[in-house]
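> I would like to see how this sequence folds:
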Amino acid sequence: MTSEADRAAPDAVAHPPRPGVSPRQLLARALRGASYEVLPFRSTEEAVVTHVPREVALTVTTTEAKGLERTLDLAESLSRHGYGVAPHLAARLVRDKAHLTDVVARLGEAGVTSAFVIAGDAPEPAGPFPDALSLLEALDALGRPFRSVGIAGYPEGHARIDDHLIEKALHRKAPHATHVLTQLCFDAATTAGWARSVRERGVTLPLRVGVPGVVSRQKLVRISAGLGLGQSARFLAKQQSMFWRFFLPGGYRPDRLVDRLAPALGGPLHGLHVFTFNELEKTEAWRRDRIARLAAEAS
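Presented below is the predicted three-dimensional model:
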């Protein structure tokens, strides 16, 4: 029998749009099926349960400062609350094959059927997994224990990795995964162009585009401090265009970005993945309001 968590899995593929479906209809559908990314802080579980409907799929980040254990704990708890949840499995934080086997067993016991596999930002790997591909291959050797496996896409490239290496890595990782979640990019045309080029190069996995939720300046400062200076600095280095946008008076709202992404949601992009920065109440209120306004405009 399919569980509620399975129905809310973050790799759900949008059906191809019917002819004549408008960008606004595509956007409404993407917002209804959006997934959220949350950070593993002490208050996160309560905030998710209070503000996020069970049908919204979740991913839980892993940071060098917090380590893998906090991510696993939160993923287990949220799964038991009935959420479809995919913890970030950072390859460089996995000590060895026995550690990976234990992680898989823990998550399986908690009903977690999804994972998002990344290399992670630790300067040196803790074990034999220096990158996402090596961890994906190890998961395959364990019998592909997760029903869905996400990998990262980089529409604007990576601050520390050459573009051609990023492209090569995506091709090598794709056979081991079920979907791609993109990193943040504030330029809809760049994201759509990247998605088309990925398709042309033969990667046919569903592509879910990462967008920020509603984030205040104060919240970003607190989260950056919680992640640790090194992690925060690397994060901002990867997305230099982000910094000034978040520090505008009143913070940031994603309305204009998702409007500009809407036409591509009927083509190379399959959905939206919202980086909430744990601003869950405001982000969920925005999502519901945006869906309601789109419905009113269509009537």
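> For the stretch 151-299 of the chain, just list every one of the strands.
Here the stretch 151-299 of the chain has its strands, by DSSP state E, counting those that start in this stretch, at 179-182, 207-212, 271-275.
> can I get the ones you listed in CSV with mean pLDDT?
Shown next, in CSV, are the strands of the stretch 151-299 of the chain (pLDDT from 0 to 100):
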stretch, mean pLDDT
strand 179-182, 96
strand 207-212, 92
strand 271-275, 95
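> I'd like these laid out as TSV, including mean neighbour count.
C-beta: built from backbone N, CA, C; applies to glycine. Below are those laid out as TSV (neighbours: other C-beta atoms under 10 Å):
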stretch	mean neighbour count
strand 179-182	24
strand 207-212	24
strand 271-275	24
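> how about the ones you listed in CSV, adding distance to residue 114?
Converted to CSV, these look like this (distance: least, C-beta to C-beta, whole Å):
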stretch, distance to residue 114
strand 179-182, 9
strand 207-212, 13
strand 271-275, 13
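> Now do residue 169 against residue 157, distance only.
According to C-beta to C-beta, to the nearest Å, residue 169 and residue 157 sit 12 Å apart.
> Ignore what I typed, I meant residue 145.
On the measure of C-beta to C-beta, residue 145 and residue 157 end up 31 Å apart.
> re earlier: so which of the strands of the stretch 151-299 of the chain comes closest to residue 257?
Checking the strands of the stretch 151-299 of the chain against residue 257 by C-beta to C-beta gives strand 207-212 as the closest, at 5.7 Å.
> Between the strands of the stretch 151-299 of the chain, which one is closest to residue 149.
Nearest to residue 149, of the strands of the stretch 151-299 of the chain and by C-beta to C-beta, is strand 179-182 at 7.9 Å.
> so where's the stretch 101-250 of the chain uncertain?
158-164, 217-250 (pLDDT under 70).
> Helices of that one, start to end?
132-141, 163-173, 188-200, 217-227, 229-238, 240-246 (DSSP state H, counting those that start in this stretch).
> Contacts for the third one next, please.
The reference is to helix 188-200. 153-156, 170, 180, 182, 185, 207, 209, 257, 260-261, 263-264, 267-269 (C-beta atoms under 8 Å, 6 or more residues apart in numbering).
> residues contacting residue 37?
With C-beta under 8 Å, 6+ apart, residue 37 has these contacts: 58, 59, 60, 61, 210, 273, 274, 275, 276.
> would you list those residues in CSV and tack on distance to residue 284?
Formatted as CSV, those follow (distance: C-beta to C-beta, whole Å):
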residue, distance to residue 284
58, 12
59, 16
60, 17
61, 18
210, 17
273, 15
274, 9
275, 14
276, 8
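> Taking those together, which two end up most distant?
Pairwise over the contacts of residue 37, using C-beta to C-beta, the maximum falls at 60 and 210, 14.8 Å.
> Can you give me the distance of residue 176 to residue 186?
Taking C-beta to C-beta, one finds residue 176 at 29 Å from residue 186.
> now swap in residue 154 and tell me
14 Å.
> Ok, residue 104 next?
Residue 104 is 36 Å from residue 186, by C-beta to C-beta.
> Longest helix in this protein, please.
helix 280-298 (DSSP state H).
> Alpha carbons of it, as PDB, please.
Taking Å, rounded to 0.1, in the frame of the first residue of the first chain, the C-alpha atoms of helix 280-298 are listed here in PDB:
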ATOM      1  CA  LEU A 280       8.300  28.200   6.900                       C
ATOM      2  CA  GLU A 281       5.300  30.200   8.000                       C
ATOM      3  CA  LYS A 282       5.900  33.100   5.600                       C
ATOM      4  CA  THR A 283       6.900  30.800   2.700                       C
ATOM      5  CA  GLU A 284       3.800  28.600   3.100                       C
ATOM      6  CA  ALA A 285       1.500  31.600   3.400                       C
ATOM      7  CA  TRP A 286       3.100  33.000   0.200                       C
ATOM      8  CA  ARG A 287       2.600  29.700  -1.600                       C
ATOM      9  CA  ARG A 288      -1.000  29.400  -0.600                       C
ATOM     10  CA  ASP A 289      -1.700  33.000  -1.500                       C
ATOM     11  CA  ARG A 290       0.000  32.700  -4.900                       C
ATOM     12  CA  ILE A 291      -2.100  29.600  -5.700                       C
ATOM     13  CA  ALA A 292      -5.300  31.300  -4.700                       C
ATOM     14  CA  ARG A 293      -4.500  34.500  -6.700                       C
ATOM     15  CA  LEU A 294      -3.700  32.300  -9.800                       C
ATOM     16  CA  ALA A 295      -7.000  30.500  -9.400                       C
ATOM     17  CA  ALA A 296      -8.900  33.800  -9.100                       C
ATOM     18  CA  GLU A 297      -7.200  35.100 -12.200                       C
ATOM     19  CA  ALA A 298      -8.200  32.000 -14.100                       C
END
